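K.L.:
Okay, sequence plus prediction incoming.
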Amino acid sequence: MSLEFSEAEILRYSRHILLREVGGLGQAQLRAASVLIIGAGGLGSPAALYLTAAGVGRIGLVDHDVLELSNLQRQIAHATARVGQSKVASAAEAMCAINDLVTVDQHLLKVGRGNVDGLIGDYDLILDGTDNFETRFLVADACVRQRKILISAAVLRFEGQISTFKPHESAEYPCYRCLYPEPPEQGSVPSCSEAGVLGSVTGVMGCLQATEALKEILHVGTSLAGNLLIWDALSVRFRRIAIPRDPNCTACSHVP
């Protein structure tokens, strides 16, 4: 890992380098890191922009959707002029406009059983910003198998939740299935397109995902692993709930 920076990099990241917890070494760690963001929508947009601005060296974007006008209420990496483009291409354009020193990998595809392990295996850390339970569980199980840190968030109406899952790092840390053993019955939980969502709520949760990702890369602060953070925008209240590890979990009980 190189600790040499150009004058432009020093100027660009000067506010990071001033932080005792980051400094030059931490900024070099960010530059050497790779993050995969699954979903370039309401959560993935702010996460991608802030990780790009922070100087994470390589960022992968996974999404198979095309940008629609209804997305722009919350998906801030996109623009009206790019409606009709693929979301990964649109978000990559915004990211490169912020920081052209970052490598952006565009994965225009749908995550499935046949490609999920190959996708996440090439990155240090995974952010799940998807909007359906099938993909969330596929990604979560693959992260356990691949021993990858997963930062997962979800939003609905005026509420968001986020946690970090890394059962491979400690016997006390749970995985996603320790919290949700099985997907809910189809149709039992409405989607944002059915129930609505306040756009800025996705922004808050996506920014929290980016922040937790930076902390994990830098090894600073307190990890969210073992806890679920829930934010209610209407009551302006955060709740932190401990998540115990399930010794009989179908996904992580075999992980040492």
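P.N.:
Received it, and whenever you're ready, just let me know what you need.
K.L.:
what sits up against the one helix or strand G60 maps to?
P.N.:
Using DSSP states H and E, the element containing G60 is strand 58-62. With contacts defined as Cβ atoms under 8 Å, 6 or more residues apart in numbering, strand 58-62 is touched by 33-40, 44, 48, 51-52, 87-88, 91-92, 95, 102-107, 109, 111, 119, 122-123. In short, each C-beta sits where N, CA and C put it, glycine included.
K.L.:
in its sheet, what does it sit against?
P.N.:
strand 34-38 (parallel), strand 103-107 (parallel) (DSSP bridges).
K.L.:
After the first one, which helix or strand is next?
P.N.:
Think strand 34-38. Next along from strand 34-38, by DSSP H and E: helix 44-54.
K.L.:
Just the CA coordinates for that following helix, please, in CSV.
P.N.:
C-alpha atoms of helix 44-54 as CSV (Å, rounded to 0.1, in the frame of the first residue of the first chain):
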residue,chain,number,x,y,z
GLY,A,44,-27.0,3.3,-3.2
SER,A,45,-27.0,6.8,-4.6
PRO,A,46,-25.8,8.7,-1.5
ALA,A,47,-23.6,5.9,-0.4
ALA,A,48,-21.9,5.8,-3.8
LEU,A,49,-21.4,9.6,-3.9
TYR,A,50,-19.9,9.8,-0.5
LEU,A,51,-17.6,6.8,-0.8
THR,A,52,-16.4,8.3,-4.1
ALA,A,53,-15.8,11.7,-2.5
ALA,A,54,-14.0,10.0,0.3
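K.L.:
could you give the angle of that helix to strand 34-38?
P.N.:
Relative orientation of helix 44-54 and strand 34-38, computed by axes from the mean of the first three to the mean of the last three Cα atoms, to 10 degrees: 160 degrees.
K.L.:
quick revisit: return the most buried member of the strands paired with strand 58-62.
P.N.:
Burial of these is given as mean neighbour count (mean count of other Cβ atoms under 10 Å); strand 34-38 ranks first at a mean of 25.
K.L.:
pLDDT averaged over stretch 75-93, what's the number?
P.N.:
The pLDDT scores in stretch 75-93 average 98.
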